[in-house]
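Enquirer: pasting the sequence and the predicted coordinates here, then a few questions.
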Amino acid sequence: MLVAVVGWDAVAADDTTPTTGTAFAGVSAIAALALSTVTTIVGDVRRVVVPLIVASIALVGWSFTALRSSVPSGDPWELPEFAVGTTHAQFSADPWQDEGSVESARTILDDSVVLQNQHIMGFGALNPQPSPGVYDWETLDNRMELISQTGSVPVVTLCCAPDWMKGGVEGETDWSTLEDAPDPEYFDEYAALAAEVAQRYPDVYYFLVWNELKGFYLNDEDRWNYEDYTELYNKVYLAVKEVRPDALIGGPYVVMDSWDPRDTPSHPSGITGPWGQLDQRPLDVLTYWLDNNVGSDFIVVDGRVRGYGEDTSVDPTTGLQKFEVVNRWLQDRTDLPIWWAEWYPNHPDVVDPDEAAQLTIDGLDITRSSGASVVLLWDPNGSEDPACHTCLWSDIRSGPIEPSPLAGALAEAPWRQDTSAE
C-alpha cells in the first residue's frame, strides 16, 4: 500500500515559501500509517478499519516507549551551556526512504546534534486533529520515534493549526493554508491540542509556541499582531503547564529582520552596525511579549545574516555580527535563556560546502560566546541550499546519502565534545 504524505517546507535559504505542499509516496513498513492516511482522505473507510487503527496505535505507542531507553533521562533533561540541534522539515530519515540512507542519517544525527525539533503539523507531520475530537498521531509519532532512536533531546514546536480552527472544513486539510493562524475564537481549542501533545509525549520538556508569528501580520497597520499572538501564547502556556508542570515553554519565535547598510529602512530601529540595521517591528514584538506573557522559560528568536533585498553589500564574516547584536539586545531586557529556533548564516558568495561549513561553525561560535543557549539549524536534509550551510546530509530522496562537511565539523566542535564528555 502506498502512503501519500503531504508536507511543507518553509523558510528556505532564500526565504522562498511554497504555497502548496509537495506530495511524495513510499512503501511504509507500518500498515497503520497507510490506513490512517487513507482514512484522513476518505472518511467512510474509517468505520471499516477503526479496530485495526486502534491496534496499530497501541503497537506504535509500545515501540515508541521501548525505544526511549537510548535517550538520557532527567526531570527535565539538562542542556549543556550551549547546544546545537536541528529542526526536521518535510524530508528526513523517515522509514519510507532508502533503508541504507535512513541508517546513515540516523547515525549522523546521533553524532552531530544535541537536540532535534519537530512541528506538530506540517514539516513532515500530517494534521494531528483533522476534526474536533478526532486525532491522527501516527506521522508525528514516527518523527518523535526518530528523535528517540538517535539519542537527542526532543523539542516540539506547537505549530501549525488544523483547518477547522481557521475557517476550513472539518476533516479536510488544505496545505496551502498552513501559514494561517487559528482564529481567535479557537485559541482555547488550539491550547487544548497543545496540552494533548504535551501529555502524549511526556519525555518532551521543551516546547516552542508557534512559528515566526505566521498569520499574525496586520497588513493595514504594517506591523505584527503581537497582541493576538501573546493571547494565543498565554492560553497555550497555561494549558500545557496545567497538564505538564514540568514543561519548559518559550516564544515568541519572531524573525529578527534587518536592512542592508545601503537600504533606507521603512521601520528603522537605530540599532546599526557594518552588518546593517535591525528592523523595529520584531523588537516591538519582543517588548510587548516580555511585558505581557503569563510566564516563560526561554525566549525564542529567528534570523539570518542577510538584510532585506536581493543583493547584499555585507561580506559573510561581517554578517555574522548580527547574531551577537541581537543577543546583547535581548540580554539587556531579560535573563531568559536565548534560543535561536532558526538561524541562517547563508551567504550568496559562499558556494563551496567546506567554506559554508566553516562559516556556520564561526557563526555558531559567535552566537555562543555572545550568550545564546540553543541554536536549531533548519532542515538536516540537503535539498534547497547547494552549499549546504545548515544541512547534515545530501538529499535523502536522491540515492545513498553523504554526510555534509558541517556534520563532521559539528561532531568535532568544542561545545559538542564538552557534551559528549558528560
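Expert: Everything's here; your move.
Enquirer: can you list contacts of the helix or strand F187 falls within?
Expert: If you go by DSSP states H and E, F187 is part of helix 187-200. For helix 187-200, contacts defined as CB atoms under 8 Å, 6 or more residues apart in numbering pick out 120, 128-129, 132, 135, 137, 140, 156, 158, 161-162, 165, 182, 204, 207, 209, 231-232, 235-236, 238-240, 242-244, 247. Any C-beta I mention is one placed from the backbone N, CA and C, and that applies to glycine too.
Enquirer: export that helix to PDB, keeping only CA atoms.
Expert: Output of helix 187-200 as PDB, limited to C-alpha atoms (Å, rounded to 0.1, in the frame of the first residue of the first chain):
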ATOM      1  CA  PHE A 187      -7.400  29.900  20.600                       C
ATOM      2  CA  ASP A 188      -8.800  27.700  23.500                       C
ATOM      3  CA  GLU A 189      -9.200  24.700  21.200                       C
ATOM      4  CA  TYR A 190      -5.600  25.200  20.000                       C
ATOM      5  CA  ALA A 191      -4.300  25.400  23.500                       C
ATOM      6  CA  ALA A 192      -6.200  22.200  24.300                       C
ATOM      7  CA  LEU A 193      -4.500  20.500  21.300                       C
ATOM      8  CA  ALA A 194      -1.100  21.700  22.600                       C
ATOM      9  CA  ALA A 195      -2.000  20.100  26.000                       C
ATOM     10  CA  GLU A 196      -2.800  16.800  24.300                       C
ATOM     11  CA  VAL A 197       0.600  16.900  22.600                       C
ATOM     12  CA  ALA A 198       2.400  17.600  25.900                       C
ATOM     13  CA  GLN A 199       0.600  14.700  27.500                       C
ATOM     14  CA  ARG A 200       1.200  12.300  24.600                       C
END
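Enquirer: helix or strand next in line after it, which one?
Expert: Later in the chain than helix 187-200, the nearest helix or strand by DSSP H and E is strand 206-209.
Enquirer: what is that next one packed up against?
Expert: Contacts defined by 3 or more CB pairs under 8 Å, 6 or more residues apart in numbering; DSSP states H and E place strand 206-209 against strand 153-158, helix 187-200, helix 226-243, strand 248-255.
Enquirer: helices along the stretch 201-350 of the chain, start to end?
Expert: Assigned by DSSP state H, counting those that start in this stretch, the helices in the stretch 201-350 of the chain fall at 226-243, 280-292, 316-319, 321-331.
Enquirer: using CSV, lay out the ones you listed together with distance to E412, mean pLDDT and mean neighbour count.
Expert: Below are these laid out as CSV (distance: least, CB to CB, whole Å; pLDDT from 0 to 100; neighbours: other CB atoms under 10 Å):
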stretch, distance to E412, mean pLDDT, mean neighbour count
helix 226-243, 36, 98, 20
helix 280-292, 34, 98, 18
helix 316-319, 21, 94, 20
helix 321-331, 21, 98, 20
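Enquirer: quick one: closest of these to R397.
Expert: Closest to R397 of these, according to CB to CB: helix 316-319, at 28.9 Å.
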